[in-house]
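Asks: build me a model:
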Amino acid sequence: MFLTIDETAYEDAHQRDCARVAALLSGEGPHSRASVADRLKMTSTATSHVVGDLTERGLVMERPGTKVGRGRPPIGIALNLKRLGASIIHISSRTLLGFLLDLGGTVLEHKAVEIPADSDNAAMAEAMRQLVQWLINKCPVGMLHLGTSVAVPGVVDVKARTWLITSRWPKVRNLDIGNALAPVTPVVLVCRHLDAELDARTTRETAYRSGNTLLLHWGWGIGLSCSIGGQPLLQNGGPFGEIGHWRFNALDQRECDCGNHGCLETGAALWALLPHLRKLWPNLSEEEEPLAGQLAGLPLLDIPEMAEAIKLMARSLTNVCRLLFPSRVIITGPFVANADVWEAFTAAFKTEGLIGSLELPALIADKFSQEYVIHGACLPLLNAGLESFIRENKRAA
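Replies: A predicted model of the protein is given here:
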């Protein structure tokens with residue numbers, strides 16, 4: 001994982017030099033003092049001052065380098081990745097997944113907590129607090145816990161840090177996650193899990209930084225995220241991409257967990273289709289990752305409800321494309337793991353067409369990536385935490 005350290009954010013020259021050194025070590029790994037000075041065009045005095053400061057505060061470690069020829073080996077300096085850490089909460093089906101990461105994005109500890117489907121705001125908030133506290137208690141000696149990032153599905157107000165609606169827990173409504181976790185963690189960030197995943201994908205895949213990229217998840221729920229030139233479409237963090245709650249006349253008699261009738265999810269989401277699928281295959285999992293393997297070889301097109309879902313999803317996606325005109329659409333979830341479903345979906349999508357002679361975007365079937373979600377959720381927290389750490393003039397506790 002690559003930290004993005006903006007040296008221009010610092011007015012103080014010494015802090016700016018600290019940021020430059022941290023960025024160099026983060027991007028290129030260990031260096032000698034001489035190579036740091038050479039790469040950053042810093043004087044030996046300024047380099048010694050910066051390295052001394054960062055070493056005293058534990059962010060940088062000095063260690064002997066590789067000996068070449070006679071004499072003592074050069075002293076190498078490297079980031080101490082265990083100096084700063086962050087906790088992440090991610091949702092999988094009806095389970096809270098907690099992770100403790102270091103400054104390099106390595107998962108040090110993890111824990112899963114199942115949450116009953118009838119849990120309300122109070123139960124969810126208490127489960128999150130206990131999970132975060134458990135992760136904080138697992139921090140290595142000397143690690144400063146920067147805060148917690150929570151990546152959730154459903155409808156989210158990122159700016160207000162409020163989880164508005166989730167089909168997994170119908171009784172969880174308007175949960176102020178920031179307020180719920182404030183007693184146990186210094187900083188709380190909330191993001192949509194699809195936004196976190198797409199951010200991480202565009203960071204790693206340079207091809208996704210050109211044009212518009214959509215990430216559509218077709219699983220327990222249905223939603224999408226969008227980036228333009230590698231940057232999120234919405235910078236203010238309001239609700240976005242909840243196409244699972246677009247309403248269709250053909251579904252008008254079906255009640256959705258959101259409280260409305262006729263939502264796309266009532267005809268195409270996993271929570272709506274699973275009861276029909278289990279009539280033929282009762283052992284199907286509701287966990288998306290194992291379910292993808294189970295569905296891969298099944299004759300899903302023989303089920304009328306599945307055929308209807310494919311048509312609904314194809315029409316919904318083409319309507320999105322007429323609004324955002326993406327260059328590509330990445331589609332994840334257990335259904336696209338089935339070759340027959342994927343072939344039928346792409347055919348229906350092409351039949352829908354776009355507008356006139358405009359070409360449809362490329363469709364890319366991929367697996368949902370928990371790793372992308374974790375890294376996408378933690379990167380803003382680690383970047384902000386590192387910046388605050390560098391700004392501190394005194395040694396951090």
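Asks: got a pLDDT number for residue 208?
Replies: The score at residue 208 is 84. That number is its pLDDT.
Asks: again with residue 218
Replies: Per the predicted model, pLDDT is 96 at residue 218.
Asks: host element of the residue lying closest to residue 301 once chain neighbours are set aside?
Replies: The spatially closest residue to residue 301, leaving aside those adjacent along the chain, is residue 340, at 5.1 Å (C-beta to C-beta, 6 or more residues apart in numbering). Quick note: C-beta positions are derived from backbone N, CA and C, even for glycine. Using DSSP states H and E, residue 340 sits in helix 339-352.
Asks: in the stretch 151-300 of the chain, which spans are helices?
Replies: Using DSSP state H, counting those that start in this stretch, the helices found in the stretch 151-300 of the chain span residues 177-181, 193-204, 265-268, 270-280, 288-295.
Asks: show me what the first one is packed up against.
Replies: Spelled out, it's helix 177-181. Other helices and strands packing on helix 177-181, by 3 or more C-beta pairs under 8 Å, 6 or more residues apart in numbering; DSSP states H and E, are helix 121-137, strand 144-152, strand 162-165, strand 188-192.
Asks: sorry, back to before: of all the helices of the stretch 151-300 of the chain, which one comes closest to residue 136?
Replies: Among the helices of the stretch 151-300 of the chain, helix 177-181 comes nearest to residue 136, with 10.9 Å by C-beta to C-beta.
Asks: direction included, what does the least confident helix or strand in the chain by mean pLDDT pair against?
Replies: Ranked by mean pLDDT, DSSP states H and E, the weakest helix or strand in the chain is strand 231-232, scoring a mean of 79. If you go by DSSP bridges, strand 231-232 pairs up with strand 222-228 (antiparallel).
Asks: just want the angle from the partner strand to strand 188-192.
Replies: Angle, strand 222-228 to strand 188-192, by axes from the mean of the first three to the mean of the last three C-alpha atoms, to 10 degrees: 100 degrees.
Asks: put the alpha carbons of strand 222-228 into CSV.
Replies: Extracted in CSV, the C-alpha atoms of strand 222-228 (Å, rounded to 0.1, in the frame of the first residue of the first chain):
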residue,chain,number,x,y,z
ILE,A,222,-27.0,-3.8,-5.1
GLY,A,223,-25.1,-0.6,-5.3
LEU,A,224,-22.4,1.2,-7.3
SER,A,225,-19.5,3.6,-7.0
CYS,A,226,-18.0,5.9,-9.6
SER,A,227,-14.7,7.5,-10.2
ILE,A,228,-13.7,10.1,-12.8
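Asks: can you tell me what sits against that strand?
Replies: 153-154, 192, 194-195, 197-199, 202, 208, 211-217, 232-233, 240-244, 264-265, 268-269, 313, 316, 320, 324, 326 (C-beta atoms under 8 Å, 6 or more residues apart in numbering).
Asks: what is the mean pLDDT for stretch 354-362?
Replies: Rounded mean pLDDT across stretch 354-362 is 88.
Asks: so how far is that stretch off the chain centroid?
Replies: 30 Å (C-alpha atoms, centre = their mean, to the nearest Å).
Asks: same thing with stretch 83-103?
Replies: 11 Å.
Asks: the closest residue in space to residue 289 that isn't next to it in sequence - how many residues pack around it?
Replies: Among residues not flanking residue 289 along the chain, residue 368 sits closest, at 7.2 Å (C-beta to C-beta, 6+ apart). Counted with other C-beta atoms under 10 Å, the neighbours of residue 368 add up to 22.
Asks: likewise for residue 256?
Replies: 23.
Asks: tell me what the helix holding residue 340 is packed against?
Replies: So helix 339-352, by 3+ C-beta pairs under 8 Å, 6+ apart, packs with helix 304-324, strand 362-365.
Asks: export the helices of the stretch 151-300 of the chain to JSON lines and tack on mean neighbour count?
Replies: As requested, the helices of the stretch 151-300 of the chain are exported to JSON lines (neighbours: other C-beta atoms under 10 Å):
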{"stretch": "helix 177-181", "mean neighbour count": "20"}
{"stretch": "helix 193-204", "mean neighbour count": "23"}
{"stretch": "helix 265-268", "mean neighbour count": "24"}
{"stretch": "helix 270-280", "mean neighbour count": "16"}
{"stretch": "helix 288-295", "mean neighbour count": "18"}
